[in-house]
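> Curious how this folds, go ahead:
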Amino acid sequence: MNLNPEEIAHVLRKIVGDEYVFTDVFERIAYADTSLPYDVEETDLPDVVVHPSDAREISEILKYANANGIAVTTYGSGTSLIFGTKPKHRGISLSTERLKYFDIREDHQWFECGAGVKAGYAIDALGKLGYFLPIQTQAGSSIGGAVSVNTIGHLTDNVFGRPVNNVLALEVVLPTGEIIETGSECLRRSAGWDLARIFIGSEGILGIITKVRMVLHPTPETVDAVGFFKSTEEIGRVIGLMYEKKLPLPMDGEFVGEKACKVGYEAYGLDFPEGALAVTRSMGWTKEEALRNANLLVDLFKSAGATDAFILEDETLKKQVWGVRENAMRWGQEKGLKGYLAIEVNPVLPRLPEAMKELVHITEGRKDLIGETSNYVYGHVGSDSLHCLFAFPYDWSTEKMKQVVDEIWNLEKELQLKYGGVGGDWGWLPHRVPFYREKYGEVSYGIIKKMKQLFDPNNILNRGNVEGEV
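Purely as a prediction, here's the structure:
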């Protein structure tokens, strides 16, 4: 059923109030735009943007959408790098921004929050009471979005578990409008059939997560260390040795390739050795234990051929070193005013050095458009999550940019299949549907489609994502 956008907006205003429904073109663009290097097209714009305040209002919106066949795309904070929040069909863009409820229950040893709470807010609130957020993501990401993806790809996943290991309960609005709760208020996670595990990691295609309850983790003591290597692949070998020697895993283990390091050093005015760097954050329940663990990594770096390695004691220098890593995407984007697209590759551990070497040289000798790009390599090396950002001029035509984007996504698929990876940082929908089907087969993909049909018989929620529409 095709309804007039004004009619849709009129109904939504009665549900959430006039001030939380938007139809102007600028707001609609904001909720459809992506980090792709070309402008969003008019056909991708939602008809209406709505900001509900709670599960009840979301329920009413979804009931209305079901009755009228209107597509609803969920929007958390818009930081997704695989464009799951980009509408594939006209309809409603539903923001979780107003779901800001936050409560820390130390006596129960969990905290509870609305899906729209940003990671940065949660980190600050938990930190004041001596706890930390076991979801290592950028401060602007929403908790609901992180839980929907079920991983951020950092080493924290290996040490403290993914969101699914830390979530005690959820509140979810089903695509048909029913509101359900999972879990309990105790620390014992549900045994057997735990419905939370269906929604965690499903990337919003089965329901809208509105509230999350997670276990509290006391903040450990930490000590940071850095190692400098002549080549990126050397870092891959030293990480393999870290596991082989059974050293205490750091909370965080990151790397920056040669080219990104060079630009980052220039930006911060750092006189560091040429090559690549690895930066780690070791932990312990005392400062002495954290320092001992960090020194074990420094010794490992040196024994494995690092040109230099040391504990980051100076706070200013520590921030600059982490800044080189945290801004790795910016170096590729801004150096020469480039368009960009980044991929993720997750090699099996024994092939980590090989994969890192291939990514460093991936553009060399190619005859396709990828060969005309500049690439910057970085990532979460401790958890085998490698990123490669491809930068190219903004003055390329839209058609040329779309062609290189297709080539880059196809390259990611080929590399994941080659190195045995799965894509654990940004999720897999929607650009990665071809990879998923080839990796796991049509039976596995068919199960997902049947689950989608069961939960969302009218295909209202995030329509087009499970189909792989881009």
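> Poorly predicted segments of the stretch 251-400 of the chain, please.
331-338 (pLDDT under 70).
> So which residues of it form strands?
For the stretch 251-400 of the chain, the strands defined by DSSP state E, counting those that start in this stretch cover 252-256, 276-284, 308-311, 338-345, 374-380, 385-393.
> Please put the alpha-carbon coordinates of the third one into CSV.
Spelled out, that is strand 308-311. Output in CSV follows, covering the C-alpha atoms of strand 308-311 (Å, rounded to 0.1, in the frame of the first residue of the first chain):
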residue,chain,number,x,y,z
ASP,A,308,62.5,-0.3,19.6
ALA,A,309,59.9,-1.1,22.3
PHE,A,310,59.1,0.5,25.6
ILE,A,311,56.4,1.2,28.2
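> Sheet-wise, list the partners of that strand with their directions.
strand 221-229 (antiparallel) (DSSP bridges).
> Give me the buried positions along the partner strand.
With burial defined by 16 or more other CB atoms under 10 Å, the residues of strand 221-229 counted as buried are T222, V223, D224, A225, V226, G227, F228, F229. Where C-beta positions appear, they are placed from N, C-alpha and C, glycine not excepted.
> Do I have it right that the first one meets M251?
What it means is T222. Yes - proximity of T222 to M251 meets the contact threshold set by CB atoms under 8 Å, at 6.5 Å.
> of the buried residues of strand 221-229, closest to V466?
T222 (39.6 Å; CB to CB).
> ok, now which ones touch that closest one?
T222 sits next to M251, R281, S282, M283, A290 when contact means CB atoms under 8 Å, 6 or more residues apart in numbering.
> Let me have those in a markdown table, extended by neighbour count and distance to L417.
Formatted as a markdown table, these follow (neighbours: other CB atoms under 10 Å; distance: CB to CB, whole Å):
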| residue | neighbour count | distance to L417 |
| --- | --- | --- |
| M251 | 22 | 31 |
| R281 | 23 | 32 |
| S282 | 28 | 34 |
| M283 | 21 | 35 |
| A290 | 22 | 39 |
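> helix/strand/coil for I180?
Under the three-state scheme (DSSP: H, G, I helix; E, B strand; the rest coil), I180 adopts strand.
> what sits against it?
E171, V172, L174, L195, G207.
> mind giving me the domain split of this protein?
Following automatic domain parsing, one finds the domains of the chain at 102-218, 221-328, 335-419.
> Dump the ones you listed to CSV, plus distance to S53.
Below are the domains of the chain laid out as CSV (distance: least, CB to CB, whole Å):
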stretch, distance to S53
domain 102-218, 9
domain 221-328, 33
domain 335-419, 34
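> Determine which of those approaches P52 most closely.
Per CB to CB, nearest to P52 of these: domain 102-218, 9.0 Å.
> Distance from the chain centre to that closest one, please.
Mean-position distance between domain 102-218 and its chain equals 14 Å (CA atoms, centre = their mean, to the nearest Å).
> Could you do stretch 89-108 as well?
The answer for stretch 89-108 is 17 Å, by CA atoms, centre = their mean.
> Export only the CA atoms of that stretch, formatted as PDB.
Provided in PDB are the C-alpha atoms of stretch 89-108 (Å, rounded to 0.1, in the frame of the first residue of the first chain):
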ATOM      1  CA  HIS A  89      13.100   1.200   0.500                       C
ATOM      2  CA  ARG A  90      11.100   4.300   1.000                       C
ATOM      3  CA  GLY A  91       9.200   4.500   4.300                       C
ATOM      4  CA  ILE A  92      10.100   5.300   7.900                       C
ATOM      5  CA  SER A  93      13.600   5.800   9.400                       C
ATOM      6  CA  LEU A  94      13.200   5.100  13.100                       C
ATOM      7  CA  SER A  95      15.900   6.600  15.400                       C
ATOM      8  CA  THR A  96      16.600   5.200  18.800                       C
ATOM      9  CA  GLU A  97      18.300   8.400  19.900                       C
ATOM     10  CA  ARG A  98      15.700   9.200  22.600                       C
ATOM     11  CA  LEU A  99      16.100   5.800  24.300                       C
ATOM     12  CA  LYS A 100      18.500   7.300  26.900                       C
ATOM     13  CA  TYR A 101      17.500   5.500  30.100                       C
ATOM     14  CA  PHE A 102      20.500   4.500  32.200                       C
ATOM     15  CA  ASP A 103      20.700   2.800  35.600                       C
ATOM     16  CA  ILE A 104      23.600   1.200  37.400                       C
ATOM     17  CA  ARG A 105      22.600  -1.400  40.100                       C
ATOM     18  CA  GLU A 106      25.800  -2.200  42.000                       C
ATOM     19  CA  ASP A 107      23.800  -4.400  44.500                       C
ATOM     20  CA  HIS A 108      22.700  -6.500  41.500                       C
END
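> that older thread, can you say which of the strands of the stretch 251-400 of the chain is nearest to K357?
With CB to CB as the criterion, K357 lies closest to strand 374-380 of those, at 9.8 Å.
> quick revisit: give me the common contacts of T222 and M251.
Common neighbours of T222 and M251 (CB under 8 Å, 6+ apart) are R281, S282, M283.
> follow-up on the earlier one: list just the one of the strands of the stretch 251-400 of the chain that sits closest to Q320.
Each of these has some distance to Q320 by CB to CB; the shortest is strand 276-284, at 10.7 Å.
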